[in-house]
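[1] no sequence on this one, just coordinates:
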């Protein structure tokens with residue numbers, strides 16, 4: 001597995017999220033308390049773009065139906081709030097992040113929510 005540079009650390013201020021596409025992976029990068037985390041950017045419920053949602057602490061809320069994910073682990077914390085679908089949100093994939101000399105790198109190769 002290899003690390004790929006996706007940003008300068010200074011590009012993301014505290015509490016900001018930014019989407020990246022790396023080797024066909026749609027990734028959300030978040031700056032939480034000056035630590036960087038990366039999970040899949042597509043909501044596991046109906047593929048809403050999580051980076052368009054709201055980040056509060058370590059929790060990102062999907063703007064489409066309100067599913068919530070922990071950006072540090074990818075774990076789904078709250079299911080979507082819809083009347084028309086009983087489909088639940090699964091955990092988002094998580095990517096290892098490395099910050100070196102002011103650059104943010106993401107390891108290409110998914111980590112599941114329980115390991116890494």
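    Cool, got the structure. These numbers were taken from a predicted model, which means no experiment stands behind them.
[2] can you list the weak-confidence ranges in the chain?
    80, 82-87, 109-116 (pLDDT under 70).
[3] Now with 50, please.
    Regions of the chain meeting the criterion pLDDT under 50 cover residues 112-116.
[4] Check the secondary structure at the residue positioned nearest the centre of it for me.
    Residue closest to the mean C-alpha point of the chain, counted by CA atoms, centre = their mean, is residue 39 at 3.0 Å. Using DSSP: H, G, I helix; E, B strand; the rest coil, the secondary structure recorded for residue 39 is strand.
[5] need the strands for the chain, in chain order.
    2-8, 17-22, 25-32, 35-40, 54-56, 59-61, 68-70, 76-78, 94-95, 97-100, 103-108 (DSSP state E).
[6] now the residue nearest to residue 16 when sequence neighbours are not counted: how far from residue 14?
    Distances taken as CB to CB, 6 or more residues apart in numbering place residue 31 nearest to residue 16, at 5.4 Å, with adjacent residues excluded. To be clear about C-beta, it is placed using only N, CA and C from the backbone, and glycine gets the same treatment. According to CB to CB, to the nearest Å, residue 31 and residue 14 sit 6 Å apart.
[7] neighbour count winner among the two?
    Ranked by neighbour count (other CB atoms under 10 Å), residue 31 and residue 14 place residue 31 first, with 21 against 9.
[8] right, and the more buried one touches residue 10 too?
    No - if you go by CB atoms under 8 Å, residue 31 and residue 10 don't touch, sitting 10.1 Å apart.
[9] list the contacts for the residue nearest to residue 16?
    12-17 (CB atoms under 8 Å, 6 or more residues apart in numbering).
[10] mind running it again at 6 Å?
    12, 14, 16 (CB atoms under 6 Å, 6 or more residues apart in numbering).
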